[in-house]
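Asks: Task: produce atomic coordinates for the following.
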Amino acid sequence: MFLFNGREAHSRSFVKAASWRALGSIDTFLLSWLFTSSVHAAGAIASTEVITKMALYYFHERVWANIKWGTQHAQPPAGASDDTR
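Replies: I've put the predicted structure just below:
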């Protein structure tokens, strides 16, 4: 399946997703606490969204890993040949 091919290991995509979600969940918790004035409600909101957002980010990264638009491709060294004889 094209979502799972790319230049990045699945473990790297997962760790990036987890670290991004940790940061995002802290932000969600603080904003929820600010708007609701309830630590309990803020915790419920932050803990609920962490799972769905992590999964969405992981698949988002895997899709973008397969999109070549806007990337620079390494040029072969001068004199290199595709001939594998």
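Asks: So residue 50: helix, strand or coil?
Replies: helix (DSSP: H, G, I helix; E, B strand; the rest coil).
Asks: Please, which helix or strand holds the spatially closest residue to it that is not a sequence neighbour?
Replies: Using Cβ to Cβ, 6 or more residues apart in numbering and skipping residues adjacent in sequence, the residue nearest residue 50 is residue 25, 4.9 Å away. (C-beta placed from N, C-alpha, C; glycine too.) Using DSSP states H and E, residue 25 maps to helix 10-36.
Asks: Return the distance of residue 67 relative to residue 39.
Replies: Per Cβ to Cβ, to the nearest Å, residue 67 is found 41 Å from residue 39.
Asks: sorry, back to before: neighbours around the residue nearest to residue 50, how many?
Replies: When neighbours are defined as other Cβ atoms under 10 Å, residue 25 has 17 of them.
Asks: in stretch 17-36, what's buried?
Replies: Going by neighbour count (16 or more other Cβ atoms under 10 Å), the buried part of stretch 17-36 is 17, 21, 24-25, 28-29, 32-33.
Asks: quick one: average confidence on that stretch?
Replies: Averaging pLDDT along stretch 17-36 yields 91.
Asks: C-alpha coordinates for it, PDB please?
Replies: Coordinates of the C-alpha atoms in stretch 17-36 are reproduced here as PDB (Å, rounded to 0.1, in the frame of the first residue of the first chain):
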ATOM      1  CA  ALA A  17       3.700  11.600  16.000                       C
ATOM      2  CA  ALA A  18       4.000  10.900  19.800                       C
ATOM      3  CA  SER A  19       6.300  13.900  20.500                       C
ATOM      4  CA  TRP A  20       4.000  16.200  18.500                       C
ATOM      5  CA  ARG A  21       0.900  14.900  20.300                       C
ATOM      6  CA  ALA A  22       2.500  15.400  23.700                       C
ATOM      7  CA  LEU A  23       3.100  19.100  22.800                       C
ATOM      8  CA  GLY A  24      -0.400  19.400  21.300                       C
ATOM      9  CA  SER A  25      -2.000  17.700  24.300                       C
ATOM     10  CA  ILE A  26      -0.300  20.100  26.700                       C
ATOM     11  CA  ASP A  27      -1.600  23.000  24.600                       C
ATOM     12  CA  THR A  28      -5.100  21.500  24.500                       C
ATOM     13  CA  PHE A  29      -5.100  20.900  28.200                       C
ATOM     14  CA  LEU A  30      -4.000  24.500  29.000                       C
ATOM     15  CA  LEU A  31      -6.600  26.000  26.600                       C
ATOM     16  CA  SER A  32      -9.400  23.800  27.900                       C
ATOM     17  CA  TRP A  33      -8.500  24.700  31.400                       C
ATOM     18  CA  LEU A  34      -8.500  28.400  30.500                       C
ATOM     19  CA  PHE A  35     -11.900  28.200  28.800                       C
ATOM     20  CA  THR A  36     -13.700  25.800  31.300                       C
END
